[in-house]
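# based on what follows, work out the 3D shape:
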Amino acid sequence: MQSQDVAGRPAASPTAPVVDVEQAEAALVEHYPRLVRLAYLVLPPSLGRNRRVLTAHALAQRALPRGRGSASAIPAQSTGRDGDPGYAFVRLHVVRTALEAGLPLSFRAWPKRSQLPPLLPQVWGLRLFPRSGGADELALDQRLSALSGPARAVYALRGLEQLPDGDVRRVLAAAGVEEVDAALREADAAPARYPLLDSPEFDPCSLHARPTDLMRRRQHGRAALAAAAAVAVCGALLALPGGGWGPDGAAAPAYARNPAAQAALDPGRLTRVVPTAWESATRKDFSVWPARGDLTKDTALLRRALAVWARPGESVQVSATPGTPSGGPAGPPQLLYAGTVDNARVVILYDGLRIARYAEPKDGTKGAALDFARVDGATGTEANAVVLDRADGNVRYLTAPWVRKVAERDLLKPSAGALPMTLTDGITSPLASPAQQTGACTSWNVLQLTDDTGTRLVSDLGELVPAHLTAGRPGSPHEVSGAATQHTWGPFACSLGAMRSLGVRSVNAWQFAEQPLPGGGGTAEWVCTRAETWRGGGERVLAQFHTPGGTFGAVAAKAQDVAACGAREPQVLAGVLWKAAAGDWYLLAAGGKDTRSVRATGGVSGSAQGPLLAVRTRQGAQAELNATLADGGTITGLR
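Next up, the predicted model:
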């Protein structure tokens, strides 16, 4: 990788055109979307998509001169910008500051303004990111992320601004890049797919908005008097012997000294399991995971993680799956991981009931996060993987020591096979997370884990522990490993999106009926998916209907906190309005094989012996469904 040093701003040439504020402002307003896109392309992807978007807007908005300045003599090449010194001036400023933003912070010099998070614009409570492009745009984005900042600037100036290499060379030199030739050579290695730069994938002015992690939000509104009191307490603590808050990082201050609680915060008392303990263990769970990572001996980091767990400060983002207590550990927990992942330091701890994940930026503790997940009773597949890191729509896992191979599989393409992934010291390569995808559901990537006992699938649902996917009749489900069960999940994979962040332990798909469609329309499938949670409540059940030739199943009915389609009560009854090719509407209903008869009342009247019902009706009709079971019991339609 070549040097990314950016020197100070060059002196103005006596012959360069003079640009005043009004001229630069006119160029900025007219070409604002292009300038923001240029900044977005040059900024380092390591900033994350949300901060990259906000920083790109901030750099463009700060491109105006304070008074009169000399513009670069390099003309723009696109219509409407030819020979405009105002546009050349603000473009040069955007490129220079975007390159500066990618420089690492140093203790030897004050940080530049562009290296710090922008003061404006700011968006609270939302994450902003460009719309997702296709596979070509994703591949190009990954390729650009591997380039240095100056090389990305070369690529953007060539493709977006259509500048010849001579002008690109002069722009980079004016922006302070020292090794321009090296940047040009590095950019030559990237595929010249310049039309893709106009894609929505790289447009920070056309954005999706999503909430930040709702479970991580804490009450930030504090009165000014309380804030002043906190500052006063902070100053008093810093004056105390022992360093005040320093050793505990982002943790809140400790006002009381309980010996048992202090023992739980001692990094020296953390439980560490030997790497071979799982080989002789009678129970494979998190308790036999060894401590892994390159920072397992960093006592300062471990101390901060334990202190934040016990007393998270106001700036710490805390999340917990439903039903998971977020209090401090009762005793010294077990260390599962401590290491550097992408741009963060991560610590994963286990106390027998919960997994706690602490993460902080590599350059400090501001922005630390603490996540909890309930894992009591987890064995085998449920203790096979933990989310290690999420970045730019991808997820990286830490797997159990008994996992031999990992692969990626798209549930929507069951015939496509699995794509092998790398596994290094238990850490997987990044996998596109379906829990973070936006827009239409075009894929659902899951993690395939293989050990000495077989192959299993787990899916990221936005929590620390992925959900185990199974198929088959409730009470006796089996792994989703064979071709038949993978095709069972295919049309219904996107319905997993309705189960995000519910504390889901496992999801089972069961085809409970097949129904011939009226008018010779083929045979439809009825599938019930049930999500079991770690807390034993809040289960969500979906009854879905899939017609021949359809890509996705339609949700016919859904319910929460019901026993239907579960091990205690496997029976399920659901109905849907369906339009035949001839234009006629029908009420179709189905139950399991133990259903003796089905009856519809209300807006539609009809009955049938057996588990299937088909009654001609009208569009928008509503009906009540009831069924009699073989044992004489009755059930109602799932709602």
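
# and the helices in the stretch 451-600 of the chain?
483-489 (DSSP state H, counting those that start in this stretch).

# repeat for the stretch 1-150 of the chain
Using DSSP H, counting those that start in this stretch, helices in the stretch 1-150 of the chain cover 21-30, 32-42, 49-61, 85-101, 135-145, 149-159.

# tell me the mean pLDDT over the longest one?
If I follow you right, that is helix 85-101. Per-residue pLDDT over helix 85-101 has a mean of 89.

# now the shortest one
Mean pLDDT, computed over helix 21-30, is 79.

# break the chain down into its structural domains.
18-211, 224-378, 381-570 (automatic domain parsing).

# can you put those domains in a markdown table and add distance to Ser607?
All C-beta spots, glycine's among them, are computed from the backbone N, C-alpha and C. Below are these laid out as a markdown table (distance: least, C-beta to C-beta, whole Å):
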| stretch | distance to Ser607 |
| --- | --- |
| domain 18-211 | 46 |
| domain 224-378 | 40 |
| domain 381-570 | 16 |
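
# and the ones you listed: which comes nearest Thr636?
Thr636 lies closest, by C-beta to C-beta, to one member of those: domain 381-570, at 9.5 Å.

# show me how far stretch 514-527 is from its chain's centre.
37 Å (C-alpha atoms, centre = their mean, to the nearest Å).

# swap that for stretch 116-131, sorry
17 Å.

# just stretch 489-500 next, same as before
Computed by C-alpha atoms, centre = their mean, the chain-centroid distance of stretch 489-500 equals 16 Å.

# what do you get for stretch 345-360?
On C-alpha atoms, centre = their mean, the centre of stretch 345-360 falls 18 Å from the chain's centre.

# likewise stretch 327-337?
26 Å.

# what's the helix or strand for Arg616?
Using DSSP states H and E, Arg616 falls within strand 612-617.

# mind listing what's buried along that strand?
Leu612, Leu613, Ala614, Val615, Thr617 (16 or more other C-beta atoms under 10 Å).

# and the closest residue to Leu464 other than its chain neighbours, how many neighbours?
Spatial nearest neighbour of Leu464, excluding adjacent residues (C-beta to C-beta, 6 or more residues apart in numbering): Ala373 at 3.6 Å. Residues within reach of Ala373, counting by other C-beta atoms under 10 Å, total 20.

# Ala373 and Leu353 touch, don't they?
No - using C-beta atoms under 8 Å, Ala373 is not in contact with Leu353, being 10.1 Å away.

# hang on, isn't Gly575 packed against Gly591?
No - using C-beta under 8 Å, Gly575 is not in contact with Gly591; the gap is 9.8 Å.

# any idea how far the closest residue to Ser605 other than its chain neighbours is from Pro121?
Closest residue to Ser605 apart from its sequence neighbours, by C-beta to C-beta, 6+ apart: Val615 at 7.5 Å. Per C-beta to C-beta, to the nearest Å, Val615 is found 57 Å from Pro121.

# coming back round to it: helix or strand next in line after the strand holding Arg616, which one?
Assigned by DSSP H and E, the successor of strand 612-617 is strand 623-629.

# residues contacting that next one, please?
With C-beta atoms under 8 Å, 6 or more residues apart in numbering as the test, strand 623-629 has contacts from 571, 573-575, 587, 589, 591, 594-604, 611, 613, 617, 634-637.

# next one: stretch 187-206
By C-beta under 8 Å, 6+ apart, the surrounding residues in contact with stretch 187-206 are 32-33, 36-37, 39-41, 52-53, 56-57, 130-133, 136-138, 140-141, 143-144, 147, 151-152, 154-156, 158-160.

# ok so, going back, show the buried residues in the contacts of strand 623-629.
571, 573-575, 587, 589, 591, 595-600, 604, 611, 613, 617, 635, 637.

# now, the residues you listed that are in strands?
Using DSSP state E, the subset of these located in strands is 573-575, 587, 589, 591, 595-600, 613, 617, 635.

# just checking: what are the partner strands of the strand holding Arg616?
Using DSSP bridges, strand 612-617 pairs in its sheet with strand 585-591 (antiparallel).

# how far off centre is the strand it pairs with?
With C-alpha atoms, centre = their mean, you get 38 Å for strand 585-591.

# report the angle between it and strand 623-629.
Using axes from the mean of the first three to the mean of the last three C-alpha atoms, to 10 degrees, the direction of strand 585-591 lies 30 degrees away from that of strand 623-629.
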